[in-house]
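Q: Next input, structure requested:
(3 chains)
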Amino acid sequence: MSAVIENHHDDHHHGPAKGLTRWLYTTNHKDIGTLYLWFSFAMFLIGGAMAMVIRAELFQPGMQIVEPEFYNQMITLHGLIMIFGGVMPAFVGLANWLVPMMIGAPDMALPRMNNLSFWILPFAFFILLSSLFMEGGAPNFGWTFYAPLSTTYAPPSVTFFIFSVHIMGASSIMGAINVVVTIMNMRAPGVGLMKMPLFVWSWLITAYLLIAVMPVLAGAVTMMLMDIHFGTSFFNAAGGGDPVLFQHIFWFFGHPEVYIMILPAFGIVSHIIETFSRKQLFGYSSMVWAMLSIAILSFVVWAHHMFTVGLPLAAELFFMWATMLIAVPTGVKVFNWIATMFRGSITFETPMLFACAFVVLFTMGGFSGLMLAITPADFQYHDTYFVVAHFHYVLVPGAIFSIMAAVYYWIPKWCGNMYDERLGKLHFWLSFIGVNVTFFPQHFIGLAGMPRRYPDYALQFADWNMVSTVGAFLFGVSQILFLFIVVKTVMGGKKATGQVWEGARGLEWTVASPAPYHTFTTPPKID
Amino acid sequence: MLLKYLTKFHHITIAAVLLVASPIKADWFALNMTRGITDISNEVFELHMLIFWICVAIGVVVFAVMFYSMYAHTKKKNPVAATFHESTKVEIAWTIIPFLILIAMAIPASKTLVKIYDDEAGDINIQVTGYQWKWQYNYLEDDISFFANLSTDLDEIYNLVPKGENYLQEVDEMVLIPVGKKVRFLITANDVIHSWWMPDFAIKQDAIPGFVNTAWTQVDVPGIYRGKCTELCGKNHGFMPIVVKAVEQDEYDQWVSDKKDVAMKLAELTTKDWSTQELVERGEDVYALNCVSCHLPNGEGIQGIFPALAGSDIALNNKERHIEILMEGVQGAAMNSFSYLSEVELAAVITYTRQSWGNAENGDGEIVIPKDIVDYKQPKI
Amino acid sequence: MNPEAKKTLRKLVIAVPLMFAFGFALVPLYDVFCEVTGINGKVFQSDYEDDLLTEDGRPLAIQFISTNNENMPWVFEPSEEVMKITTGEYYTATFYVKNTTNKKMVAQAVPSVAPSNAAAHLKKLECFCFEQQELMPGEEALLPVKLLVSNELPENIKNIIMSYTIFDITDYNDEPMASHEMNMEH
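A: Numbers count the residues shown, from 1 in each chain, chains lettered A, B, ... in the order given. Predicted coordinates for the structure are as follows:
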């Protein structure tokens, strides 16, 4: 790979272009980061609205609000939008904003591809959301779209779903390539691999995972397309194919995907805990090795999503043990965060509140994950609300809290204004209570026997479903507050210094707040 | 503050009060997995509790340290932070110890899994086939076969009448098994992937079209046990429960013999003389079980997805095509073949749809008798 | 053009068609993989295996089950639901099938074996699942499966389930079946 060619831009630091086309044509990593973040916030609110529809229907037994076929569309789109429109673009947005600054690089390695990676996303989601208005309705086969429900029995919109997924995949792959090339080639002198900030490490590893598995997803949906329109039988037993093959291919993508959705969170939390404990992160190299182990292990555990499919005993045992093993490096990270805090000098500004909540609640999600790994027990948990509780704990107070923490932490750097601390704390507490009231009872109803993807339920599940719905509405409404806080901060507020936070370390805190449009056009001196 | 919240979201408050006041059998204490009724299910429950308590213990210890630190190491109480930031010894310790704990968990887990997979022949073998949206049971030794549909009324689901105690957990045909015998289930599906879950037996196996999965159980305590479909299979995924009744051997034998009698009587019914009124009455029941979810109670269907039967050209004018569709389904559409229904049921439901919703007045009013269906099945050449 | 770029371009131009060809090669390769490992409970046609014949076989039961997939109206039943056999010997089982409609139809039977690790030891010399079955309206037939269970079957398996699902492929019977080549000796 040839090095980025240094040219004469040093001398004229022009500011951003004027007008709306600035955002259309920008190749600036800060602008593109902003675009991704706003896009993901919008998708989060849309996916969230769907969650409100779901929880509203589940408030009481009986069908009150929607019909079962529409309900299935809601759960499908809720999953797809939150994963591919909410969490992933948010992390890419954070990568765009932070990675170049953290390594002392002037921008991403491939700025024009960066622009393309972003702009195809609104296009893809427009296609996906417009399927709600197509004949036959939107995709209704779950975000995991198993065949043959998603092939032979799918509504016509499935073809648009496939197209949409291809585009999202292309966006992620291009973004990931950009991240790898940037990190491997554009680190300022002195920023060795084992000196890089952990967020950069987390994204380096995530990017490799993306490059490895997004093509597998593309393969799965292409095979679906072939089965639906071109008479092939990849997943159709009549033609010699196998519905279980779909599941193997999907989960070979799907499991690394969930680590893609959490590794950057680990990076963010490491930064925030270090800053607000005013103490260097404990066990840097262990943290790196832990993330690497998690990433590598993530490739060999996919069939733990398929324990009830009829796998041979040897396979079930292997996948049980391999899955349990992931608890080890994950535990190491949790211990290291706590060791960072221990005998530190801690203050609890909003980012730290979210980061501490992450450590506790993500760990709880990890415990339910460990329980799920135990195959004979999984026969009772699989496809029940226990699984729903598990993944919402790791994704909402996990990934989403880390994104909120990141926004509170870095927004002074991005826009030059401090957010309102009281409002931030209020948002935190409402979200914390909301998230727990919503998802903790789902452990109960899952264990008690309520399956997932059910629009209605037997009477013994009514009480906790009602509680869960109340929590969901509380959490949902709190995000409007978050929107208000973010907009208010962007529009004005107490001016931020370059350092912003007393204990913050890293190159991004050495530049002014807001960060100049172009930073590190000459590499910084690292000692 | 709480009052303000409650009055602002008054509809939630009212609903909550009604819920508490109503006689619905909701349950704050439905918190944990069932022990179930078999040796295996008890073993699975014990395993679940073991892992759970280990997780709780680890959580308590880890969070205790963390919460202590959040209390004692604030900037106020500890203005000068320590500087330690690495320790290889500690990293090794907290890698090895969790690893050992995991091994301790894996051993009983593996033992139980091996037991579940130890799958010899059953005294009784039942083929379980998942359909959209019901289960079919086929007792291989005794050659009896029947479908089990959800028997909860639509009126209960749509909140027109109060919900019964076994709301969404009741069916029109229970699966009877004898106590004390090993029962083996051979699980497959007819269309999409379903999953057969009996929590009380700790059995869950996916029902995959074209493939067979096996599961076994031995129930020693008579009783009624309820299960559910646990793989998204379309719109009525939530509405295809399972009910297994374990009974003493003599009751089981009697039930088998009764079922065989029913099969014989059905064959006789096919040849008797049916009046239009009788067919329509019978057909209405068949319709309610098999057709209403897509074609809707008034035969109006859903535009663009499920064709209307009320006023349909086929129902009005084309008895032959009407029979053909029921017998063979429609290729490329969601309408399956219903030829697995008895000749009586088929004739009844076709007659019902041709006679209802104004179709008799507006069309040729032709009815179909069971013999027509028998004739359809004869070789034509 | 920059010589580095030319070299990369040359590599790409070769790699793309190679990968495409690899995609096609996967069709037979997947068959080979399944055959060798016996996964999926799929069993393929075997040649007459003299060396698996033995007098010292052990008793075993095979249960036959039949399923009609969705739109398939044919009658389809095993002649015998359970067959008591001995390992190391050939047996013939039959399935009764009848086209109850007034149209000519074509069916494909798809086998599935449980437990899955028994599949590798179940050798089929002849099976109606190897080829498409065409029946005229009202026609009925007895379809054979000639099989042998090798004595190498693990001891703890005392009972094998052979399940067949028939699918209606009347509209697709111009398409060759996606998997293995049929080497029909009959």
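Q: near chain C, which residues of the stretch 251-400 of chain A show up?
A: Neighbours of chain C within the stretch 251-400 of chain A, by Cβ under 8 Å from any Cβ of the partner chain: A:Gly310, A:Leu311, A:Pro312, A:Leu313. Just so you know, the C-beta spots here come from the backbone N, C-alpha and C atoms, and that holds for glycine as well.
Q: correct me, but C:Ile85 touches C:Val149?
A: Yes - taking Cβ atoms under 8 Å as the definition, C:Ile85 is a contact partner of C:Val149 at 6.6 Å.
Q: shared neighbours, these two?
A: Residues touching both C:Ile85 and C:Val149 comprise C:Leu60, C:Ile62, with contact defined as Cβ atoms under 8 Å, 6 or more residues apart in numbering or on different chains.
Q: higher neighbour count, these two?
A: Taking neighbours as other Cβ atoms under 10 Å in any protein chain shown, C:Ile85 and C:Val149 compare with C:Val149 leading, 24 against 20.
Q: For the more buried one, give me the pLDDT.
A: Each residue has a pLDDT score; the one for C:Val149 is 90.
Q: Around the residue lying closest to it once chain neighbours are set aside, how many other residues sit close by?
A: Excluding the flanking residues, the one nearest C:Val149 by Cβ to Cβ, 6 or more residues apart in numbering or on different chains is C:Thr87, at 4.9 Å. Neighbour count of C:Thr87, defined by other Cβ under 10 Å: 18.
Q: Spit out the contact partners of C:Thr87.
A: Contacts of C:Thr87 were listed using Cβ under 8 Å, 6+ apart, and they are C:Thr54, C:Gly57, C:Arg58, C:Leu60, C:Val149, C:Ser150, C:Asn151, C:Leu153.
Q: hang on, the third one packs against C:Ser150?
A: To tie it back to what came earlier, the one meant is C:Arg58. No - with the criterion set as Cβ under 8 Å, C:Arg58 and C:Ser150 do not qualify as a contacting pair; they are 11.2 Å apart.
Q: Just want the residue of chain C that's nearest chain A.
A: When Cβ to the nearest Cβ is the measure, chain C has its nearest residue to chain A at C:Phe167, with 3.3 Å between them.
Q: quick one: the one helix or strand that residue maps to to chain centroid distance?
A: Following DSSP states H and E, one finds C:Phe167 within strand C:159-168. Averaging C-alpha positions (Cα atoms, centre = their mean, to the nearest Å) puts strand C:159-168 10 Å from its chain's average.
Q: now swap in stretch B:253-271 and tell me
A: Computed by Cα atoms, centre = their mean, the separation of stretch B:253-271 from the middle of its chain amounts to 26 Å.
Q: I'd like the average pLDDT over it.
A: Per-residue confidence for stretch B:253-271 averages out to 85 on the pLDDT scale.
Q: quick one, which of C:Arg58 and C:Ser150 is more surrounded?
A: C:Ser150 (19 against 14).
Q: C:Ile157 versus the residue nearest to C:Val149, what's the distance?
A: Here C:Thr87 is placed at a distance of 10 Å from C:Ile157 (Cβ to Cβ, to the nearest Å).
Q: swap in A:Ile326?
A: Between A:Ile326 and C:Ile157 the computed distance is 33 Å (Cβ to Cβ).
Q: circling back to that earlier point, top of the residues of the stretch 251-400 of chain A next to chain C by neighbour count?
A: Top of those by neighbour count (other Cβ under 10 Å): A:Gly310, with 24 neighbours.
Q: Thought C:Pro115 was touching that one, still the case?
A: No - under the criterion of Cβ under 8 Å, A:Gly310 is not in contact with C:Pro115, lying 9.1 Å apart.
Q: Close to chain B: what parts of chain C are there?
A: C:40-41, C:61, C:63, C:65, C:67-73, C:81-82, C:100-103, C:110, C:112-115, C:136-139, C:156, C:158-159, C:161, C:163, C:165, C:167-168, C:171.
Q: and with 6 Å instead?
A: Taking Cβ under 6 Å from any Cβ of the partner chain as the contact definition, chain C meets chain B at C:61, C:65, C:67, C:69-71, C:73, C:81, C:100-102, C:110, C:112, C:114, C:137-138, C:158-159, C:161, C:163, C:165, C:171.
Q: of these, buried ones?
A: Of the members of the residues of chain C next to chain B, the ones counted as buried by neighbours, 16 or more other Cβ atoms under 10 Å in any protein chain shown, are C:65, C:67, C:69-71, C:73, C:81, C:100-102, C:110, C:112, C:114, C:159, C:161, C:163, C:165.
Q: Helix or strand, whichever it is, which one in chain B has the lowest mean pLDDT?
A: Across the helices and strands of chain B, mean pLDDT, DSSP states H and E gives its lowest value to helix B:10-21, namely a mean of 52.
Q: Mind listing residues that contact the strand holding C:Phe167?
A: Contacts of strand C:159-168 from elsewhere in the structure, counted by Cβ atoms under 6 Å, 6 or more residues apart in numbering or on different chains, are A:238, B:120-121, B:186, B:210, B:212, C:61-69, C:71-72, C:76, C:107-114, C:118.
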